[in-house]
Structure formats: C-alpha cells, structure tokens
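Student: fold the following, please.
(chains A, B, C and D)
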2 protein chains.
Amino acid sequence: MLSQTGLYALQALLHLAAKGRNGPVPAGHMARELGIPANYLAKILQRLSREGILEATRGARGGYRLVPDPARLTVATAVAPFQELKTPRVCLMGGLCDLSNPCVAHTRRLQWNAAALASLARTTLADLLAGTPEEADRPGHSNQPTENDR
Amino acid sequence: MLSQTGLYALQALLHLAAKGRNGPVPAGHMARELGIPANYLAKILQRLSREGILEATRGARGGYRLVPDPARLTVATAVAPFQELKTPRVCLMGGLCDLSNPCVAHTRRLQWNAAALASLARTTLADLLAGTPEEADRPGHSNQPTENDR
DNA sequence: ATTAAATCGGATAATAATGTCCGAAAAAGG
DNA sequence: CCTTTTTCGGACATTATTATCCGATTTAAT
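Tutor: The predicted model follows:
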C-alpha cells in the first residue's frame, strides 16, 4: 500500500507537525525518536526539502521545519515524491482487451487506484494528529448526511 | 497497490474464466496470449494450484483449470497468495504512540488498508468479466450474490 | 579562528521483488 | 516402448527497493 519510504516520510512529517513548534528539529533526533535508520531518513528529508514541504537549516542548531500548515498538507501530497506512480498501462484482460471500446477490467483497476489515492488525498496531517474519525468515503462529495432517510 | 505478480495472477485467472470452457489451458498458451513472461507465469500458476484455486493437469493436452465459480472468487482471494500482508506493526506516530490507548494515526492506517482490501473483496472475477459498473462502496450491500445459497 | 553540530549528496551494500533457465516427472497417443 | 506435451520445482540472474557509509559544506557558538 504505502511504501516503507513513504511511511517514514509520513512519520517524520507528523513528528514535525506535533513537536516542531520551537525551532528546527535535527534529522538525527527524529531518527532516534521514531526508530528509523538515521542515514536513510536523512535522504528522505532531503527529498522533502527539495520538494518544498520541509525547510532545512544547516549548521549547528539547524534541522528541519515543516513549511505548510498541517491542516492543508494531505497524506497524498506528503507521500507523492516516493510513490513514483508509474502508470502501468497493461490491461487486466490482456489480449482480450479491445482498447477501442473501454475495457471494463481496465476501468475497474483505475477505479481501485483512484479509490486508494482519494482516501489519502482526503486526509491531512492535522486530521491524523487531531484524531478526526474517518468520514464516509465519498470522493468529491462534501460530507452531507444523506443516510438520514433510512 | 497490486503487485506485478498479483496482476499477472489476476490476468491469468480472468483468461481462464473467459476462455477455459472446454478443457485445461496450457501455461505457455496463456503467457503468449497475455504477454506475460512464460516462466514467471508458470511459477504463479503453480502457486495458485497449490492454493486450490487452479487445478493442474499434467502431460500432453494438460494445462490449468479454474476451480471455483468466477462469481464466487473475489479479487482479494485470488491475489492473496502474492500480497504477503506482513503486518507492519510500526505506528505512524512512532515514539509518540501510546500503544495503551488506541493511537489515531495507527487506527487510520489500518483503515486505509482495510478500505483498499474491502474494494477488492467486493469484486468477483465474474464482475470483471460481466462489466458490472462499480457500485457504491457499501460493504454490506454486495452487488453480486456471493452467499445466496449454500 | 576553531570547534561542534548539522545538512548535502554521491557511492556503495544488503535485501526483496521480479524474471530466467533447466532438468525431472507425469500423461497422452502412437 | 517411445515421443511429445505439459506441469513441477529448484537454482540462478536481474532489477528495484531499502539501507549504510563517508567526505564536503554550512552555520552557530566559543
């Protein structure tokens, strides 16, 4: 589902969102705290820094700082640099797939992927920290209670 | 999402469900038809055979046959032998996770996994073949009768 | 200026996933 | 019996992911 690397990134970002109030947090500190291989986490943080999600301060008293508001940073965005979504364009039906008319199995798989991504795109770091229970899975819909007539 | 191996398995099973009406289908034939590395597919089919999902007939005129009714075989089941679901027991919150009271981030990740799996568990091979458009994601209300009579 | 703390980034190693090769065994048909 | 077709299964090769190492650079504090 989420790659190991993506999970590490998410953990670090959550840590920063929760405990990075006063000044930047060194990578080594986070690695120790979270139980992540230090040198590997360093690479991940560099990446997030290049991506603009983190800001690095070098030298003594340096470290990383979370740039966006946790309420506006979705898990999908946070993890995107490590997911590599390399569009496998092989249809489930193989040779059976017509490719001219839309193949059902093909469409279905895209839907699966979309559903998985949508869930991550609806969750922000703030959600995770605050403990908002997961709302109904209705992509594109704001949470309007339509079940009141059952 | 789905591993490459899992996708291959799914393709082969769909092929058998669609074209395996009269007699077993050889692995080599499927590999050619679906554009899957022949020797690799062979390994996958062996696995499905040991799992009881396929039945192998050896020797000339042999091949593989789909054992369960496509309407009762879910994608989740078909792909399960290759997913290895190795329960990563690292909480998203790292050291912050209490582990005594239920950690929100922890719970949330399990929900993500569950949601992804649920979608696969609700789809049968017959669904894919028949072209049933994906119904609303309602776990209790499966669109295909997977337990109507027994 | 010197030192210590920290990121930066390239090179490399270890592990897992994917793909290949080949010989043995089984079954069918002559 | 012999040949052909096919699965079986172990060993190996390739590639991607994950992890480690180390020297260079930047910065703050002494």
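Student: low-confidence stretches in chain A?
Tutor: A:1, A:84-108, A:110, A:131-150 (pLDDT under 70).
Student: show me which residues of it sit near DNA strand C.
Tutor: Contact residues, chain A versus DNA strand C (CB under 7 Å from any atom of the strand): A:26-29, A:39, A:42-43, A:45-46, A:49-50, A:56-64. For the C-beta atoms, the positions are set from N, CA and C on the backbone; glycine is no exception.
Student: just those: which are in strands?
Tutor: With DSSP state E as the criterion, strands contain A:56-57, A:63-64 from among those.
Student: scan these and report the most crowded one.
Tutor: Within these, residue A:64 tops the neighbour count with 25 neighbours, counted by other CB atoms under 10 Å in any protein chain shown.
Student: which residues does it contact?
Tutor: Residue A:64 sits next to A:12, A:16, A:20, A:24-27, A:30, A:45, A:48-49, A:54-57 when contact means CB atoms under 8 Å, 6 or more residues apart in numbering or on different chains.
Student: what's the closest non-adjacent residue to it?
Tutor: Distances taken as CB to CB, 6 or more residues apart in numbering or on different chains put residue A:54 closest to residue A:64, at 4.7 Å, once the chain neighbours are dropped.
Student: I'd like to know how far the one you found sits from residue A:65.
Tutor: Residue A:54 sits 7 Å away from residue A:65 when distances are taken as CB to CB, to the nearest Å.
Student: which neighbours do the two share?
Tutor: residue A:16.
Student: neighbour count winner among these two?
Tutor: Set residue A:54 next to residue A:65 and count neighbours by other CB under 10 Å: residue A:54 wins out with 24 against 15.
Student: for that one, give me phi and psi.
Tutor: phi -120, psi 160 (degrees, to the nearest 10).
Student: how about the helices in chain A?
Tutor: Assigned by DSSP state H, chain A shows helices spanning A:4-19, A:27-34, A:38-50, A:75-83, A:104-121, A:125-130.
Student: please tell me how far residue A:128 sits from residue B:68.
Tutor: To residue B:68, residue A:128 is 39 Å away according to CB to CB.
Student: contact partners of stretch A:53-61?
Tutor: Contacting residues not belonging to stretch A:53-61 are listed as A:13, A:16, A:23-24, A:45-46, A:48-49, A:62-68, A:73, A:77-78 [CB under 8 Å, 6+ apart].
Student: an error on my part: the question was meant for stretch A:12-29.
Tutor: Residues outside stretch A:12-29 that contact it (CB under 8 Å, 6+ apart) are A:30, A:33-34, A:36, A:38, A:41-42, A:44-45, A:48, A:53-57, A:61-66, A:70, A:73, A:78, A:125-126, A:128-129, B:92-94, B:96, B:105.
Student: so residue A:128 and residue B:68 - more neighbours on which side?
Tutor: residue A:128 (25 against 17).
Student: residue numbers of chain A in contact with DNA strand D?
Tutor: Checking chain A against DNA strand D by CB under 7 Å from any atom of the strand, the hits are A:3-5, A:8, A:37-40, A:42-43, A:57-62, A:82, A:84.
Student: what subset of the residues you listed is buried?
Tutor: A:5, A:8, A:82 (16 or more other CB atoms under 10 Å in any protein chain shown).
Student: let's have these in JSON lines, adding distance to residue B:117.
Tutor: Below are these laid out as JSON lines (distance: CB to CB, whole Å):
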{"residue": "A:5", "distance to residue B:117": "22"}
{"residue": "A:8", "distance to residue B:117": "23"}
{"residue": "A:82", "distance to residue B:117": "22"}
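Student: what would the residues you listed look like in JSON lines with distance to chain B?
Tutor: What follows is those, written out as JSON lines (distance: CB to the nearest CB, whole Å):
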{"residue": "A:5", "distance to chain B": "13"}
{"residue": "A:8", "distance to chain B": "9"}
{"residue": "A:82", "distance to chain B": "14"}
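Student: can you tell me which of the residues you listed is nearest DNA strand D?
Tutor: residue A:5 (3.8 Å; CB to the nearest atom of the strand).
Student: verify the stated contact: the closest one with residue A:82.
Tutor: Yes - counting by CB atoms under 8 Å, residue A:82 is a contact partner of residue A:5 at 4.5 Å.
Student: need the contact list for residue A:30.
Tutor: By CB under 8 Å, 6+ apart, the contact list for residue A:30 reads A:12, A:15-16, A:36, A:41, A:45, A:64.
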